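Trainee: Following is a predicted model, sequence given first.
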Amino acid sequence: MIIFVFTSSDKRISWNEHTLCKPKPERIAQMSTWNPTVKVRKNAIAFLYSDQVQKLVPKISLLDIQFQDNLSADIVIFHTDYPVKAHMQAIASVTKRQVIFYNVDDAFTSFPKGFDPYLEEPNWMKRGKWNYQHMCRFWFKLIMDIPLVLEYKYVMRLDEDSKIIGAWDDIFDLMGKKNAVYFGNVEEADSENGLPGLMKLKTFTINYTELPTDS
């Protein structure tokens, strides 16, 4: 199980032709909101799902019971297909939270500029040649380009094979009090031996946080 929380930056972002998730007029049709609320939501619990979304019902039904945040966080389901109405209704009916379905198939299946997916070979494969790398790139880069995400202070990721077991305190509140920017699972931690290049990612992240705000 992998769980992490991050906070959106206060940096202003200028959209350009290289931004894969830049706002487009047609993107309005790629988002569907259920259990809408007029209250401003600062936090979200996010899933990235490529299967039929109604399979998430058992996991989402536990959130209202186990996650003790007074139902203040949205549920955002990033998906690479367009769920049928009955499946979205199945999700919305088991929670009192605002639920947002957001299609990301255009960005999820993209590659960095200059990268040739035919010539290159992945270091590890799961569910297709590049699916695992697409997933990693989405959570570490592309999600930061989505306008919806920039509306939240904290976003907690839940993998499709993870769920909250037992009562959880309000992690968002705890992070806010500590002015934290990241929270990670310590039960199963990746290491450099098991995931080569991990420390390079750590160095990159530290260097990025130290960039001037106008960079």
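Mentor: That came through fine.
Trainee: Pull out the buried positions in stretch 157-172.
Mentor: Residues 157-158, 163-164, 170-172 are the ones in stretch 157-172 that count as buried (16 or more other CB atoms under 10 Å). Backbone N, C-alpha and C define where each C-beta goes, glycine included.
Trainee: where does residue 45 fall, phi/psi-wise?
Mentor: Dihedral pair for residue 45: phi -110, psi 120, per degrees, to the nearest 10.
Trainee: ok now do it, which residues does it touch?
Mentor: By CB atoms under 8 Å, 6 or more residues apart in numbering, the contact list for residue 45 reads 63, 67, 73-76, 155-156, 158.
Trainee: Just checking, which of the buried residues of stretch 157-172 comes out lowest on pLDDT?
Mentor: When the buried residues of stretch 157-172 are compared by pLDDT, residue 163 scores lowest at 74.
Trainee: Tell me how far that one lies from residue 106.
Mentor: Taking CB to CB, to the nearest Å as the measure, residue 163 falls 29 Å from residue 106.
Trainee: cool, residue 90 as well?
Mentor: 25 Å.
Trainee: more crowded one of these two?
Mentor: More neighbours surround residue 90 than the other of residue 90 and residue 106, with 18 against 13 (other CB atoms under 10 Å).
Trainee: Dump the helix or strand hosting that one to PDB, keeping only the CA atoms.
Mentor: In this assignment (DSSP states H and E), residue 90 forms part of helix 85-92. Output of helix 85-92 as PDB, limited to C-alpha atoms (Å, rounded to 0.1, in the frame of the first residue of the first chain):
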ATOM      1  CA  LYS A  85     -23.700   7.100 -15.100                       C
ATOM      2  CA  ALA A  86     -24.700   4.000 -13.100                       C
ATOM      3  CA  HIS A  87     -21.100   3.400 -12.100                       C
ATOM      4  CA  MET A  88     -20.600   7.000 -10.900                       C
ATOM      5  CA  GLN A  89     -23.900   6.800  -9.100                       C
ATOM      6  CA  ALA A  90     -22.700   3.700  -7.300                       C
ATOM      7  CA  ILE A  91     -19.700   5.600  -6.000                       C
ATOM      8  CA  ALA A  92     -21.600   8.700  -5.000                       C
END
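Trainee: Since that was my last question, I'll sign off now.
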